[in-house]
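**Q** Model the following, please.
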Amino acid sequence: MTEYEKMIAGHLYDVNDPELVRMRKETRTVLHRLNNSVQDIKAGDRLELYGRLFGKAGKGLWLQPPFYCDYGKNIELGEHVFFNFNCVVLDVAKVVIGSHVLVGPNVQIYTASHPLDAAQRRQGLEFGKPIIIGDDVWIGGSAVLCPGITVGEKSIIAAGAVVTKDVPPYAIVGGNPAKVIRETSEI
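**A** Below you'll find the predicted structure:
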């Protein structure tokens with residue numbers, strides 16, 4: 001099993017594996033072009049960059065640079081997804097984002113985690129857990145989504161929330177750690 005295959009499967013993997021380092025460098029090259037593009041970049045140019053960066057990008061994607069990620073190819077986006085300025089997606093595991101999702105500025109989405117054992121951390125080992133975000137979710141500015149969570153459809157994550165557990169559909173969550181503030185089918 002390659003280090004990439006271990007990474008995607010959620011096993012411990014060597015972050016310094018030459019193939020993974022090469023992949024991250026390629027991603028940085030695309031991110032550099034995207035993050036240094038101006039507002040009036042031709043739509044076709046931006047679509048080409050999205051196609052090179054993401055594993056899947058539905059129509060209507062709008063991304064306000066700067067944007068940062070590890071690999072990009074592990075991110076799957078539905079239609080009409082909006083990322084505001086300065087978002088970070090650590091995609092060492094799959095990140096699946098549904099359609100009509102609004103991601104506020106400075107949002108951090110982390111699939112990456114590290115072993116509790118210090119000796120393993122010293123060896124450069126880490127692992128990841130996927131994150132799934134349903135359709136019609138709104139993630140407020142500076143929210144942090146931790147590894148392995150699922151955010152149910154039509155939920156709202158309040159600004160500054162630190163989400164450590166799954167969010168049910170139609171819920172509003174906030175705080176650190178985030179807790180359900182209200183559940184309603186009216187959202």
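**Q** who's in contact with stretch 89-100?
**A** Stretch 89-100 is contacted by residues 7-8, 10, 58, 67-81, 103, 108-112, 126-137, 147, 153 when judged by Cβ atoms under 8 Å, 6 or more residues apart in numbering. (Each C-beta comes from the backbone N, C-alpha and C, glycine too.)
**Q** Just the ones in strands from those, please.
**A** 67-69, 75-77, 103, 108-110, 112, 126-128, 131-133 (DSSP state E).
**Q** Which of these are buried, as a ChimeraX select command?
**A** Buried residues among the ones in strands among the contacts of stretch 89-100 (16 or more other Cβ atoms under 10 Å), as a ChimeraX selection:
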select :67,68,69,75,76,77,103,108,109,110,112,126,127,128,131,132,133
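**Q** Could you grab the helix/strand/coil label for the residue of the chain most remote from its centre?
**A** For the chain, the residue at maximal distance from the C-alpha centroid (Cα atoms, centre = their mean) is A119, at 27.8 Å. Secondary structure, DSSP: H, G, I helix; E, B strand; the rest coil: A119 is helix.
**Q** Which parts of stretch 170-185 count as buried, going by neighbours?
**A** For stretch 170-185, by 16+ other Cβ under 10 Å, it's Y170, A171, I172, V173, G174, A178.
**Q** Quick check: end-to-end length of that stretch?
**A** Using Cα to Cα, to the nearest Å, the end-to-end distance of stretch 170-185 comes to 6 Å.
**Q** In strands only, show me the buried residues of stretch 170-185.
**A** Those of the buried residues of stretch 170-185 lying in strands (DSSP E): A171, I172, V173, G174, A178.
**Q** mind listing what the fourth one touches?
**A** It stands for G174. Per Cβ under 8 Å, 6+ apart, neighbours of G174: I157, A158, A159, G160, A161, I181.
**Q** can you do 6 Å?
**A** For G174, the contact set (Cβ atoms under 6 Å, 6 or more residues apart in numbering) comprises A158, A161, I181.
**Q** same deal with the first one?
**A** With contact set as Cβ under 6 Å, 6+ apart, A171 has these partners: S155, V180, E183.
**Q** Counting by contacts, list what the helix or strand of the chain with the lowest mean pLDDT packs against.
**A** Within the chain, confidence by mean pLDDT, DSSP states H and E is lowest for helix 43-53 among all helices and strands, at a mean of 83. Packing contacts for helix 43-53, counted by 3 or more Cβ pairs under 6 Å, 6 or more residues apart in numbering; DSSP states H and E, involve helix 18-35.
**Q** Return the set of buried residues in the helix it packs on.
**A** L20, M23, T27, V30, L31, R33, L34.
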